[in-house]
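1. How does the following fold in three dimensions:
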Amino acid sequence: MKRTMNNCTGMEKKLAGMLLDPGTVNAKVTTHVDGCESCQAELDELRATMALLDTWEAPEPGPYFMTRLNARLAEEREAPPASWMERLRARFAYGPQMHARPLAAMALTVMLLVGGGAYLGVTNWDRPAPPQGQATVVHDLQLLDNNAQLLDQLESISGDTDSN
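-> This next block holds a predicted model:
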């Protein structure tokens, strides 16, 4: 059906409301439907569909339908599944759906622990631990001592190269 974008946008919902409860539809929609051939045709199709649905009656089940259904369900429940995979599939398909929540919570917890550990650098074991209990003055003196030893070594090396 050909429709203009300006006038017929969203008319499907309004047509259904017009068909089911004509008193709630505003006058603007009613005047649009009266003047628009495509909306009038769609409203007529909806009326025909509703009239056809009103004439349909649900078939009555047979007198032994529930007895046969319950017997069949009991057979299926009592029959052992073929393998462990079938039992697992049957449990997921027909069992209570509450088993998914603890699994999802556990998976989320593991993901958070692994991700948090990777973010915090827990797996980086090659970093030396900072010295505990050393005063700043002692640390500075040790650095100066190491520098003095380094200078002595450099002087001894430079002295050896000058003599050659």
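2. Just give the nearest non-adjacent residue to Glu12, would you?
-> When the adjacent residues along the chain are set aside, Glu12 lies closest to Glu42, with 7.7 Å between them (CB to CB, 6 or more residues apart in numbering). To be clear about C-beta, it is placed using only N, CA and C from the backbone, and glycine gets the same treatment.
3. what number of residues lie near the one you found?
-> 18 (other CB atoms under 10 Å).
4. Now it. Its backbone dihedrals?
-> Listed backbone geometry of Glu42 is phi -70, psi -40, with angles given as degrees, to the nearest 10.
5. That one contacts Lys13, doesn't it?
-> No. Counting by CB atoms under 8 Å, Glu42 stays clear of Lys13, with 11.9 Å between them.
6. those helices in this structure, which residues are they?
-> Read by DSSP state H, the chain holds these helices, from start to end of the chain: 5-8, 11-20, 27-35, 37-55, 65-78, 84-94, 100-120, 136-163.
7. for the record, mean pLDDT for the shortest one?
-> Mean pLDDT, helix 5-8: 62.
8. One more: stretch 47-66?
-> With pLDDT averaged residue by residue, stretch 47-66 scores 89.
9. again with stretch 100-107
-> Mean per-residue pLDDT for stretch 100-107: 83.
10. how far does it sit from the chain's center?
-> Averaging C-alpha positions (CA atoms, centre = their mean, to the nearest Å) puts stretch 100-107 13 Å from its chain's average.
11. buried set for it?
-> By neighbour count, with 16 or more other CB atoms under 10 Å as the criterion, stretch 100-107 contains no buried position.
12. ok, now which ones touch the spatially most central residue of the chain?
-> What sits nearest the mean C-alpha location of the chain, by CA atoms, centre = their mean, is Ala104, with 11.1 Å. By CB atoms under 8 Å, 6 or more residues apart in numbering, no residues touch Ala104.
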